[in-house]
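J.: the amino acid sequence is not available; the structure is as follows:
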């Protein structure tokens with residue numbers, strides 16, 4: 001009987017207790033706004049993972065081969081830290097050999113792409129960005 005009362009009490013407490021839930025609700029900036037705020041923008045192929053030392057620890061980070069870029073110069077191949085919270089707004093699933101349009105910013109002097117609440121995307125889903133970028137001078141780094 002005592003167990004039954006404890007279970008009922010526990011269940012009623014759960015029913016009236018607000019559980020904290022964390023979610024991500026945001027809107028991507030316009031393509032023009034994100035372009036203006038980006039350090040560089042590039043089209044590149046995901047070629048695997050490279051090693052980076054971040055805050056004293058070694059991590060595997062995405063490595064890209066750059067085809068075309070706008071704004072600041074970046075190496076033809078480089079590692080890029082990506083901020084992408086799973087399930088938040090938009091997820092960027094990197095597939096080796098696939099091309100992406102990436103908007104790059106800086107955080108603590110490191111290049112970083114913030115995928116959530118942004119316009120970075122797989123190239124085949126980036127038509128709005130590509131339309132905007134058509135009229136802006138770019139540099140071709142690598143031709144297929």
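T.: Right, received. Where do you want to start? Model, not experiment: these values are computed from the prediction.
J.: secondary structure class of residue 105, three-state.
T.: Classification of residue 105 using DSSP: H, G, I helix; E, B strand; the rest coil returns strand.
J.: how close does it get to residue 33?
T.: 12 Å (CB to CB, to the nearest Å). All C-beta spots, glycine's among them, are computed from the backbone N, C-alpha and C.
J.: what of residue 61?
T.: Relative to residue 33, and taking CB to CB, residue 61 is found at 26 Å.
J.: these two - which one has more neighbours?
T.: residue 61 (16 against 11; other CB atoms under 10 Å).
J.: are we agreed that that one is in a helix?
T.: No: the assignment for residue 61 by three-state DSSP gives strand, which leaves it out of any helix.
J.: list the contacts of it.
T.: 49-52, 54, 79-82 (CB atoms under 8 Å, 6 or more residues apart in numbering).
J.: just these: which are in strands?
T.: 49-52, 54, 79, 81-82 (DSSP state E).
J.: and those, which two are furthest apart?
T.: Greatest spatial distance among the ones in strands among the contacts of residue 61 (CB to CB): 51 and 82, at 14.9 Å.
J.: which one of those two is surrounded by more residues?
T.: Higher neighbour count among residue 51 and residue 82: residue 82, with 16 against 10, using other CB under 10 Å.
J.: the more buried one touches residue 112, doesn't it?
T.: Yes: shown here, residue 82 and residue 112 form a contact pair, counting by CB atoms under 8 Å, at 7.1 Å.
J.: for the one residue sitting closest to the centre of the chain, which non-adjacent residue is spatially closest?
T.: Closest to where the C-alpha atoms of the chain average out (CA atoms, centre = their mean) is residue 115, at 2.2 Å. Distance criterion CB to CB, 6 or more residues apart in numbering; nearest residue to residue 115, sequence neighbours excluded, is residue 84 at 4.0 Å.
J.: and that neighbour, what's its pLDDT?
T.: With respect to pLDDT, residue 84 scores 76.
J.: ok, it - contacts?
T.: Per CB under 8 Å, 6+ apart, neighbours of residue 84: 91-92, 115-116.
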